[in-house]
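*Asks:* how would this look folded up:
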Amino acid sequence: MMNKVTWPINRERTALIVVDMQKVFCVKGEGLYVPGTANIIEPIQNLLAQMRHHQMPIIFLRHVVRGDGSDTGRMQDLYPNVNNLLGRDNPSVEIIDSLFPQQGEIVVDKLFYSGFHNTDLDAILRMKDIDTLIVCGTVTNVCCETTIRDGVHREYKMIALSDACAAMPYPDMGYGEVSAEDVQRISLTAMAYEFAEVTTSVDILIRINESIQSGKLGA
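*Replies:* Numbering: from 1, shown residues only. Below is the predicted model:
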């Protein structure tokens, strides 16, 4: 693991962003199911438990649209069934039960890939004086990476979690099929070089604990 930067973890100024861990993406048989999400639920649960224990901010993102086609724009061109799959009346847009937000935790609904695009996420973070964002969820190279790119453009210190983000495979679009493993590797490498620190959830848990023990957390 190699990074250009390693951001400090400060309880008062670090938030966890859980991206699109919704039933439509995480439950087998749903229309946008990403198989790799099964492997990242436990790492995210561990992060949630740690950050809740230390009262660190947690924000969930959901991809939700009205369902009538009035707000889907180019997304509808790319995914003609988006209004059915992500419509607000579809129970599958809810976050999976095993990661469901607790009282007081913020849920931000977004219309496209980035958590910042036409949402109040930036305003929420600035109100809370957050400057460091830990990002996990799905899909690694789509909503996670797009949110990370937008975040670093807004001067946030971005951290991507290699073991708590799930990628998806792609069919041959004229350049050959691409496996989920290759997508994950390339996305994480690009983020580590250009946009973010990339590390594991275990490393973040250790760093939070070390900061607490040293008395520096929230100092």
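
*Asks:* Helices of this structure, start to end?
*Replies:* Taking DSSP state H to define them, one finds helices in the chain at 23-26, 41-53, 73-78, 82-85, 121-127, 145-153, 180-194, 201-214.

*Asks:* Out of these, indicate the one that is most buried.
*Replies:* Of all the helices of the chain, helix 23-26 has the most neighbours on average by mean count of other CB atoms under 10 Å, namely a mean of 23. Bear in mind the C-beta positions are built from the backbone N, C-alpha and C, glycine included.

*Asks:* before we move on, the earlier item: comparing the helices of the chain, which yields the minimum mean pLDDT?
*Replies:* Among these, helix 201-214 carries the lowest mean pLDDT, a mean of 89.

*Asks:* so how far is residue 131 from the closest residue to residue 141 other than its chain neighbours?
*Replies:* Spatial nearest neighbour of residue 141, excluding adjacent residues (CB to CB, 6 or more residues apart in numbering): residue 187 at 3.7 Å. For residue 187, the distance to residue 131 (CB to CB, to the nearest Å) stands at 24 Å.

*Asks:* Then residue 75?
*Replies:* Distance of residue 75 to residue 131, given as CB to CB: 30 Å.

*Asks:* Check what pLDDT residue 93 gets.
*Replies:* Reading off the model, residue 93 has pLDDT 98.

*Asks:* Was I right to think residue 99 contacts residue 46?
*Replies:* No - using CB atoms under 8 Å, residue 99 is not in contact with residue 46, being 11.2 Å away.
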